[in-house]
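S.K.: sequence and predicted structure below; questions after.
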Amino acid sequence: MVKISLDRVDFCLKESHDFSWLKKLGTVFTVYDQQDSGNLLFGVEENGTKYFVKYAGAQPLEYAGTSEDAVKRLVQATEIYETIQHENLTKYLYSKPCPDGLALIFEWFDGRCLHEHWNFADCGKYQSGSPYKQYLDLPVDKKLLSVKTIFEFLEHVEQTGYVPVDFYDGSLMYDFESGTTKICDIDFFRKAPLVNDMGEDFWGSARFKAPEEYMKGAAISSATTVFTLGAMLC
C-alpha cells in the first residue's frame with residue numbers, strides 16, 4: 001500500500017502512480033478512492049471553477065481487477081457520455097488521455113450521491129444523517145419533482161437508442177439546497193438491442209436487478225428499466 005498526497009488530499013493505492021497530469025488541471029480538493037470499479041474520482045478547482053474528474057489507470061485498494069480493464073471500460077464509456085447528453089445528467093466536458101490511463105472531465109455538481117458507501121457502509125445509509133435518509137424524508141412535492149427528473153432522463157436514454165445498465169441509487173445525486181437531481185455514472189449503459197451475455201453476473205446492484213439480468217441470453221430492454229425504477233421508488 002502506498003500513500004499519495006495531492007494538494008489538499010491524501011489517499012492510498014496498491015502501488016505508486018504518477019498524477020502530475022492531474023495537478024495541471026487545478027487544485028485537488030477532494031478524492032473518492034473507495035470505488036470497486038477501478039476508477040478514482042477527484043474534485044479539482046481552477047480559477048474558482050470546480051470540475052469532477054473520473055480517472056482509470058491506477059490501482060485503488062477496493063478494486064480487484066487490472067488497470068488495463070478499468071481503462072478499457074472508461075474508453076467505452078466515453079462514447080456513451082458523448083452520445084447521451086441531457087440537462088439532467090452531470091455535464092461531460094471532454095476526455096484526457098494520460099500517460100498511464102484516461103480521465104473524463106465533467107462540470108462539478110454540488111450534490112450528494114444517494115449511495116455514499118464510503119461514508120455510510122452497510123445499513124448506515126438508512127440512518128439519520130445520510131443523504132439517502134434525507135432524501136427519503138423529503139416532502140412529497142420535492143420527491144415527485146426528483147422522480148420526474150429521473151423519468152425525463154431515462155426517456156431520453158431510450159430515444160437515443162441506449163438501455164440503462166447498472167442504474168441504481170448510486171447513479172443519483174441530489175442538491176438539498178437547490179432541490180436539484182442529477183444523474184451520474186452511466187458508464188455501463190449499452191446500445192439497444194441488448195442481450196444478457198454474462199448470466200447472473202450481469203452488471204448491476206442486486207437491490208435493483210430484474211429477473212432477466214440474471215438469465216444468460218435474456219433481452220435487456222425498456223421493461224428492465226421499468227423494473228429497476230419500481231425497485232428504486234419502493
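M.R.: Structure's in. What do you need? Numbers count the residues shown, from 1 in each chain.

S.K.: for this protein, which segments count as strands?
M.R.: Assigned by DSSP state E, the strands in the chain fall at 2-6, 9-13, 27-32, 39-46, 49-56, 92-98, 101-107, 112-113, 162-163, 172-175, 180-183, 190-191, 194-195, 219-220.

S.K.: how much space between the most centrally placed residue in the chain and Val53?
M.R.: Nearest residue to the geometric centre of the chain (Cα atoms, centre = their mean): Asp185, 2.5 Å. With distances taken as Cβ to Cβ, to the nearest Å, Asp185 is found 14 Å from Val53. (Glycine included, C-beta is placed from N, CA and C.)

S.K.: for this structure, which helix is longest?
M.R.: Taking DSSP state H as the criterion, the chain has its longest helix at helix 140-159.

S.K.: ok, Ser95 - contacts?
M.R.: Counting by Cβ atoms under 8 Å, 6 or more residues apart in numbering, Ser95 touches 78, 102-105.

S.K.: buried ones in stretch 147-167?
M.R.: Residues of stretch 147-167 classed as buried under the neighbour-count rule (16 or more other Cβ atoms under 10 Å) are 149-150, 153-154, 156-157, 162-167.

S.K.: what is the rounded mean pLDDT of it?
M.R.: Averaging the model's pLDDT scores along stretch 147-167 yields 97.

S.K.: which residues are contacting it?
M.R.: 80, 83-84, 86, 88-89, 172, 181-183, 185-192, 194, 202-205, 208, 220-222, 224-225, 228-229, 232-233.

S.K.: got a PyMOL select line for the buried ones in those?
M.R.: PyMOL command restricting these to the buried ones, with burial defined by 16+ other Cβ under 10 Å:
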select buried, resi 80+84+86+88+89+172+181+182+183+185+186+187+188+189+190+194+202+204+205+208+220+221+224+225+228+229+232
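
S.K.: show me the contacts of stretch 147-167 that map onto helices.
M.R.: Of the contacts of stretch 147-167, the ones assigned to helices by DSSP H are 80, 83, 222, 224-225, 228-229, 232-233.

S.K.: give me every residue that touches Lys182.
M.R.: When contacts are counted by Cβ under 8 Å, 6+ apart, Lys182 touches 88-90, 109, 111, 149, 172-175.
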